[in-house]
Structures are given as structure tokens and as C-alpha cells.
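Colleague: Sequence and predicted model, in that order:
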Amino acid sequence: MKDHIIRGMAAGNEIRFLAGYTRETVETARMTHSTSPVCSAALGRLLTGGALMGAMCKNNDDVLTLKINGDGPIKSITVTADAQLNVKGLIYNNAVDLPLKSNGHLDVGGAVGHGTLVVIRDEGPGDPYVGQTQLVSGEIGEDLTYYFAESEQIPTSVGLGVLVDRDLSIKHAGGFIIQLLPFATEETITKLENKLSSIDSVTNYFERGMSPEEMIRDILGKEVFGQDISIEDVRDTQYRCNCSRERVTKALISIGRDELKSMIDDGKPVNLHCDFCNSDYEFTIPEIKQIYDNL
């Protein structure tokens, strides 16, 4: 199944939803950062949350950054998503290894620990919107649920899942965001709460061969609300870093003539590294001289 995000309405337009499958996206992140299983799950959940939230952007140039800072051994995770559903991420400690929880699941909460979730929305001219909430569990889905309720005042349920296979590759990944609109009735709220309480995990849906659309139909469809869901669009998502030699050159220009002169005097090629995709960009002394002369 190809990575994609669906967006639509349910329960007579009282509920808005997004759902997606992100296995290839998370697998690319795992290979890029050589993550341990619990780190793959933690980074993968935040990447999936970022992709889903990217699908909520209003403008084509909007950029969203999610950052978790915790006191667990992972320390921090950063994910950036854009309105085209390109996501990228990095994790501070990629080799955390913790015992499984009593239910046999990876201990993402223990690896993340207590701390904060920061959401930065860059929506064009003006200062970006910055929202910050405390982590409630470190499991990431619950933390995003709390963020929406506290910072954006929207009753929301976020479900995220990453299933790591025996060979440490990603077997399944995906999730959903379900939001109650202001005019949702008490009956709709009660039905939704009851249904969500019966869900074991997101990855169980994918293990049963279900798509994001089928998962949402099970949660929000006719059997629960008496009417079918309405899907507004279906879009691809991917792990994609937007770094390039041109962008790195602009970064070199931004450091100024004095710093460039110091690099030239040092006489050694300069290597600039992108942490999101592990790409390296080497600039020779003649190239740095040309940048210097052009300033």
C-alpha cells in the first residue's frame, strides 16, 4: 500500500478526520538515521503526526515544525512537514534500547520521558504561531491530543502507530486525527468516545489488511453513526528533505565575509552536513573564494 493521507467529514459533518498510511516514510527515516526499534517507533509516530497535520495546512507554502524535548534517553525529536505532505525528521539519540512494556509493546513513553511538545506553524508573512504544551505520556499520540485541546481548543483524538518487524524494518505505520466540530451533538460525542475506547491500536487495522479509509469507516462509518463518511481528498506523502547545494551555498553566504575569509585562510575544504537526510556538501577553497568575491 502506497503512503497517502485521506481527509474528510463524518457524522453529518459534525466530525472532521484525517488518516494515513506512512510505512515507506517511516522506513526511509529508519534507514537514514539507523534507529533502534523504540527510536523508529518514536520518530515514526511524530513523522506520521506531522504528515497528518501538514494536510491541515491552509496555504501551499505553510511549514509546520513539531519538536519534542524530554528527559528520557531519546532527549529530543524534531519533525518538519509542509503543505505538500513532505516530511523529514531527526532524533537526538538514535540507539536507545529499553525493555518491552508488560503488554509487549515498545516503551516509547519511557524513551521520551517527561518534557514539552512545541508546535511551530509558519504561515507566511508575520511571526509564526508557536504553541507549547507539557507531554502527558511521551507516547506522542496522546501528547498531540492534549496539544490540540489545550493550545488550539479543539476536541481531538490522535491515534498513531508504528509496527517494527523482526528484521527491524518498518512493517506498518500510520494514524488518524479525529476532531469534533463546534456544533457536534452530545449523542455524537458519546458515540465517538465509546468507539475510540474500544480500539486496541492503529497498527492492528493495517495488520488485518485494512487501508486508512477502511480504518476510518470502522471508527466513523455507518455502523457507528448511521451514515457513511465523506472523503474530500487523497494525497501522497513522503520522507523528503529539501536541502540542496544551492540552499547550502546561501547558508554560507549568510555567515558573512569575515567567516568566509577565515575559511579561506585555513586552506582546507569545508564540509557541511544535513542532519535530516545525512547529505554532505563539500566546498573547495576556490569555491569559497568565489562566494567571498561575489559578496
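Modeller: That came in fine, so what should we check first?
Colleague: Residue 167 - how many residues pack around it?
Modeller: 6 (other Cβ atoms under 10 Å). For the C-beta atoms, the positions are set from N, CA and C on the backbone; glycine is no exception.
Colleague: Can you give me the separation between it and residue 270?
Modeller: 38 Å (Cβ to Cβ, to the nearest Å).
Colleague: swap in residue 85?
Modeller: From residue 85 to residue 270 the distance is 33 Å (Cβ to Cβ).
Colleague: repeat for residue 19
Modeller: From residue 19 to residue 270 the distance is 44 Å (Cβ to Cβ).
Colleague: which of these two has more neighbours?
Modeller: Comparing residue 19 with residue 270 by other Cβ under 10 Å, the one with more neighbours is residue 19, at 30 against 17.
Colleague: May I ask which helix or strand encompasses the more buried one?
Modeller: strand 15-21 (DSSP states H and E).
Colleague: how about the CA coordinates for whatever helix or strand comes next after that strand, as CSV?
Modeller: Toward the C-terminal end, the helix or strand that comes next after strand 15-21 (DSSP H and E) is helix 23-33. Output in CSV follows, covering the C-alpha atoms of helix 23-33 (Å, rounded to 0.1, in the frame of the first residue of the first chain):
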residue,chain,number,x,y,z
ARG,A,23,5.2,2.8,6.2
GLU,A,24,7.6,3.8,3.5
THR,A,25,8.0,7.3,5.0
VAL,A,26,9.0,5.9,8.4
GLU,A,27,11.2,3.2,6.8
THR,A,28,13.1,5.9,4.9
ALA,A,29,13.6,7.7,8.3
ARG,A,30,14.8,4.4,9.9
MET,A,31,17.4,3.7,7.2
THR,A,32,18.5,7.4,7.1
HIS,A,33,19.1,7.6,10.9
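Colleague: Show me what helix 23-33 is packed up against.
Modeller: helix 37-54, strand 86-91, strand 170-180, strand 238-239 (3 or more Cβ pairs under 8 Å, 6 or more residues apart in numbering; DSSP states H and E).
Colleague: Of all the ones you listed, which one is nearest residue 284?
Modeller: strand 86-91 (27.5 Å; Cβ to Cβ).
Colleague: Give the other helices and strands that the closest one contacts.
Modeller: helix 23-33, helix 37-54, strand 76-82, strand 238-239.
Colleague: hey, which of the ones you listed is tucked in deepest?
Modeller: Scoring the helices and strands packed on strand 86-91 by mean neighbour count under mean count of other Cβ atoms under 10 Å gives helix 37-54 as the most buried, with a mean of 28.
Colleague: buried ones in the helix or strand following it?
Modeller: Elements were assigned by DSSP H and E; along the chain past helix 37-54, the next helix or strand is strand 63-70. Residues 63, 64, 65, 66, 67, 68, 69, 70 are the ones in strand 63-70 that count as buried (16 or more other Cβ atoms under 10 Å).
Colleague: From the centre of the protein, give me the residue that's furthest out.
Modeller: Going by Cα atoms, centre = their mean, the residue of the chain most distant from its centre is residue 265, 41.9 Å out.
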